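Visitor: Got a predicted structure here, sequence first:
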Amino acid sequence: MTVNYRKITVSYNKLFKLLIDKGLKKGQFALITGISPSSVAKLGKGANVNVDVLVRICQELNCTMDDIMEIAPKVADQHNKEQFPSKIVEPCCH
C-alpha cells in the first residue's frame with residue numbers, strides 16, 4: 001500500500017523580517033520563545049516544525065500565524081490544472 005500526499009511549501013520570511021524589525025537576533029529569539037536552536041534552524045530552512053513551536057512564537061511575539069508564515073501558492077501544470085508536488089510514502093506497518 002502506498003500513500004500519496006501533497007507537499008505544501010511554507011516560508012517563514014515574515015518571521016525573520018519581524019525579528020529584524022524588533023531588533024532580535026536568532027539566539028535571543030530562541031531564549032525568549034523557549035524554542036530550541038534546531039527549531040530556529042528548521043524555520044530558517046523552511047522545514048516542518050511542530051505547531052506548538054509556532055504557537056509559542058505567536059504568544060511571545062504577540063502576533064498571529066499570518067504574521068510569521070506564508071504558504072506558497074499552488075503550481076499550475078502544463079494543462080493549467082492546479083497541483084502540489086506529490087511524493088509516494090511507504091506505510092510504516094505491514
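Guide: In hand now; what should we look at? Residues are numbered from 1 along each chain as shown.
Visitor: any weak-confidence spans in the protein?
Guide: 1-7, 74-94 (pLDDT under 70).
Visitor: Could you pull out the helices in it for me?
Guide: Listed in chain order, the helices of the chain (DSSP state H) span 13-22, 26-33, 37-45, 51-61, 65-68.
Visitor: buried ones in the first one?
Guide: Spelled out, it's helix 13-22. Within helix 13-22, the residues that qualify as buried by neighbour count (16 or more other CB atoms under 10 Å) are 15, 16, 18, 19. All C-beta atoms are positioned from the backbone trio N, CA, C, and that covers glycine.
Visitor: now those as a markdown table including distance to residue 26?
Guide: Formatted as a markdown table, these follow (distance: CB to CB, whole Å):
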| residue | distance to residue 26 |
| --- | --- |
| 15 | 10 |
| 16 | 8 |
| 18 | 12 |
| 19 | 7 |
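Visitor: Out of those, flag the one nearest to residue 68.
Guide: When the buried residues of helix 13-22 are compared for distance to residue 68 (CB to CB), residue 15 comes out closest, at 3.9 Å.
Visitor: Burial check on the residue lying closest to the closest one once chain neighbours are set aside, number of neighbours?
Guide: Computed as CB to CB, 6 or more residues apart in numbering, the closest residue to residue 15 that is not its neighbour in sequence is residue 68, at 3.9 Å. Each residue near residue 68 was counted by other CB atoms under 10 Å, and the total is 21.
Visitor: from what I can see residue 68 touches residue 21, true?
Guide: No: Residue 68 sits out of contact with residue 21 when judged by CB atoms under 8 Å, with a separation of 12.0 Å.
Visitor: any idea how far stretch 46-62 is from the chain center?
Guide: Using CA atoms, centre = their mean, to the nearest Å, the mean C-alpha position of stretch 46-62 is found 9 Å from that of the whole chain.
Visitor: Oops, could you answer that again for stretch 21-37 instead?
Guide: Distance of stretch 21-37 from its chain centroid, counting by CA atoms, centre = their mean, is 16 Å.
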